[in-house]
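Trainee: below are the sequence and a predicted model for it; my questions follow.
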Amino acid sequence: MRNVRVLLAWVLLVPFLLCRPAAGTTIDESNRYAWAASTGWINCRTDTTNGAVLGEFVCSGYLYCPSTGWIHLGDGNPTNGYQYTNTATNDYGVNHDGKGNLAGNAWCPSTGWILFEQDQGKPKVDLETGVFSGYAWGYSLGWISFSNSSGFCQTVAVEQQGSDTDGDDLSDMWELSITNDLTALGGTNELGQPAGTDFDGDGVVDSNEYLAGTNPLDSNDYLRVTDFQLTGGSNFNCTWSSDLSRMYRLERSDNLTNEPDWVDSGLGVEAPDTDTNTTRTLDGAGLSNAFFRVKAVFPLSE
């Protein structure tokens, strides 16, 4: 390995599909059940039209238990545009922080409120596998388990959410969650190319900050390789900035022509180590000249 180089910054190029029709359910057909000792199995997929939907901001749809009936996770339209407040009967539901953690209230007419919280039950979804874990609590139902020795609930997708009422190719939900209005951030031009709006001036346009899962208001938060170290022999460590809301793919090319041929480094899609940095070790045996870039990947999209 004579000359291995790394691109110190590279923004992902993953399509963002706005105004995509809401899924009937994101729950896997084979792994669809939660469990409550007082009621037995609870179907999270239901009839595929009204089943649970895991979104990047909020959950929606229903769970169903024959002995208690429908359990409503929310309608997908929070009053503030991006998260249920759970302070009014017309604005309740289960929120998703984008990193797998679920919190809020579901409603069952026959048993009352069901609490999703991160202190004791800690319900969450693994964004790499889609498998749920942890518990929700209902005063009449007791603990509802999403994963146990007999079965588990699994999502096959995280639904990208939000209409685009101002036509800037950015999800309203994302814009509202960041700035609480739809005018501060910009997206792409009429050709679908980045329009150049870069609120924090870090060199990454706002639309690519969304794709990377980085903060468009923080000039120190952008997707980049942060360290590259030879570790002996042909091995080397590559470290990049990361966020728990995204997966990552490290790619390699042997040239930097106008159209370099990027291929997977051999790692495939990787879950991040932390909310700050991710490090992976690669074998550079046989490489005479190599360049590397990192791409962020939306969870469960590959």
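Mentor: It's in.
Trainee: W113 and Q229, how far apart?
Mentor: Counting by CB to CB, to the nearest Å, the separation of W113 from Q229 is 51 Å. C-beta: built from backbone N, CA, C; applies to glycine.
Trainee: likewise F236?
Mentor: For F236, the distance to Q229 (CB to CB) stands at 6 Å.
Trainee: neighbour count for the two, which is higher?
Mentor: F236 (21 against 11; other CB atoms under 10 Å).
Trainee: which SS state does the residue nearest to the more buried one when sequence neighbours are not counted fall under?
Mentor: Nearest-residue entry for F236: L230, 4.9 Å, with adjacent residues in sequence omitted and distances by CB to CB, 6 or more residues apart in numbering. The three-state assignment at L230 reads strand, by DSSP: H, G, I helix; E, B strand; the rest coil.
Trainee: tally of neighbours for L230?
Mentor: If you count neighbours by other CB under 10 Å, L230 ends up with 12.
Trainee: repeat for T257
Mentor: Quick note: T257 (other CB under 10 Å) scores 8 neighbours.
Trainee: how does the chain divide into domains?
Mentor: 3-16+222-297, 27-155, 172-212 (automatic domain parsing).
Trainee: poorly predicted segments of the stretch 151-300 of the chain, please.
Mentor: Along the stretch 151-300 of the chain, segments meeting pLDDT under 70 span 188-195.
Trainee: what about the strands in it?
Mentor: All strands of the stretch 151-300 of the chain, identified by DSSP state E, counting those that start in this stretch, fall at 151-155, 225-232, 235-241, 247-253, 263-270, 277-283, 289-297.
Trainee: that older thread, quick one: closest of the domains of the chain to T165.
Mentor: Among these, domain 172-212 comes nearest to T165, with 5.7 Å by CB to CB.
Trainee: can you check the distance spanned by that closest one, start to finish?
Mentor: With CA to CA, to the nearest Å applied, domain 172-212 spans 17 Å between its terminal residues.
Trainee: next: stretch 90-108.
Mentor: Termini of stretch 90-108 sit 14 Å apart (CA to CA).
Trainee: quick check: mean pLDDT of that stretch?
Mentor: The average pLDDT within stretch 90-108 is 97.
Trainee: okay, strands next: where are they in the stretch 1-150 of the chain?
Mentor: Using DSSP E, counting those that start in this stretch, the strands of the stretch 1-150 of the chain run over 3-4, 27-36, 40-43, 53-54, 59-65, 69-74, 94-96, 102-108, 112-116, 124-125, 132-133, 135-138, 142-145, 147-148.
Trainee: distance to L182 and mean neighbour count added to the ones you listed, as TSV?
Mentor: Shown next, in TSV, are the strands of the stretch 1-150 of the chain (distance: least, CB to CB, whole Å; neighbours: other CB atoms under 10 Å):
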stretch	distance to L182	mean neighbour count
strand 3-4	44	14
strand 27-36	31	19
strand 40-43	37	18
strand 53-54	24	27
strand 59-65	22	24
strand 69-74	22	21
strand 94-96	20	24
strand 102-108	24	21
strand 112-116	28	19
strand 124-125	28	24
strand 132-133	32	20
strand 135-138	33	21
strand 142-145	37	20
strand 147-148	38	16
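Trainee: to T87, which of these lies closest?
Mentor: strand 102-108 (10.0 Å).
Trainee: packing partners of the closest one?
Mentor: When contacts are defined as 3 or more CB pairs under 8 Å, 6 or more residues apart in numbering; DSSP states H and E, strand 102-108 packs onto strand 59-65, strand 69-74, strand 94-96, strand 112-116.
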